[in-house]
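Peer 1: The following comprises the amino acid sequence and a computationally predicted model.
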Amino acid sequence: MNINDMAPPSGESFRFEQIGDTVKGVLAYVPNAPETRTNKFTGREEGVVKLVLVTDSGDRAIYPVVGTAMARAIGDAVRAAGASSLEVGGTLAVKFSEELDTGKPSKMKIFAAKYEPSKVTAAIDVDLF
């Protein structure tokens, strides 16, 4: 069992409000699978992944929704790094890079991301806790 599943770290939510807003840090929490939630606007169920990054300004959480522009940017960054998944200890940067007019009242946020896998690996015996 992943110790983070037993006690996930918290982090202040990072809000991507302006083009150029960027969060970068070392991943402190990566869940084993997305959680299901109900979208408050559409009423549809969606998968969301809570990621906690340790940044220069404290722990920050982001919540990419499966299938969205942010999730695709992160997935592309992981593949570009030659990795198959996000891992605790890796470095992730996500930037709100532009807006796309889709004809809807709100423009779609477009993201860019970069991922660097951890160069250090370690195992901690859970029985110690």
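Peer 2: Noted; the coordinates are in hand.

Peer 1: For Leu53, which non-adjacent residue is closest in space?
Peer 2: Gly25 (3.3 Å; Cβ to Cβ, 6 or more residues apart in numbering). (C-beta placed from N, C-alpha, C; glycine too.)

Peer 1: Can I take it that the one you found is in a strand?
Peer 2: Yes - with DSSP: H, G, I helix; E, B strand; the rest coil as the criterion, Gly25 is located in a strand.

Peer 1: partners of it in the sheet?
Peer 2: Leu92 (DSSP bridges).

Peer 1: Counting neighbours, what do you get for it?
Peer 2: Neighbouring residues of Gly25 were enumerated by other Cβ atoms under 10 Å; the total is 22.

Peer 1: what's the answer for Lys107, then?
Peer 2: With neighbours defined by other Cβ under 10 Å, the count for Lys107 comes to 12.

Peer 1: That one and Lys40: what is the separation?
Peer 2: When Cβ to Cβ, to the nearest Å is applied, the distance between Lys107 and Lys40 equals 19 Å.

Peer 1: picking that back up, for the residue nearest to Leu53, which residues are in contact?
Peer 2: Residues in contact with Gly25 (Cβ atoms under 8 Å, 6 or more residues apart in numbering) are Leu53, Val54, Thr55, Asp56, Arg60, Thr91, Leu92.

Peer 1: try Arg44
Peer 2: Thr38.

Peer 1: okay but Leu53 is in contact with Ser13, surely?
Peer 2: No - with contacts counted by Cβ atoms under 8 Å, Leu53 stays clear of Ser13, the gap being 11.4 Å.

Peer 1: ok, these two, which is more surrounded?
Peer 2: When Leu53 and Ser13 are compared on other Cβ under 10 Å, the one with more neighbours turns out to be Leu53, at 24 against 10.

Peer 1: My assumption is that the more buried one lies in a strand; please confirm.
Peer 2: Yes - the assignment for Leu53 (three-state DSSP) places it in a strand.

Peer 1: Need the pLDDT of it.
Peer 2: Each residue has a pLDDT score; the one for Leu53 is 95.
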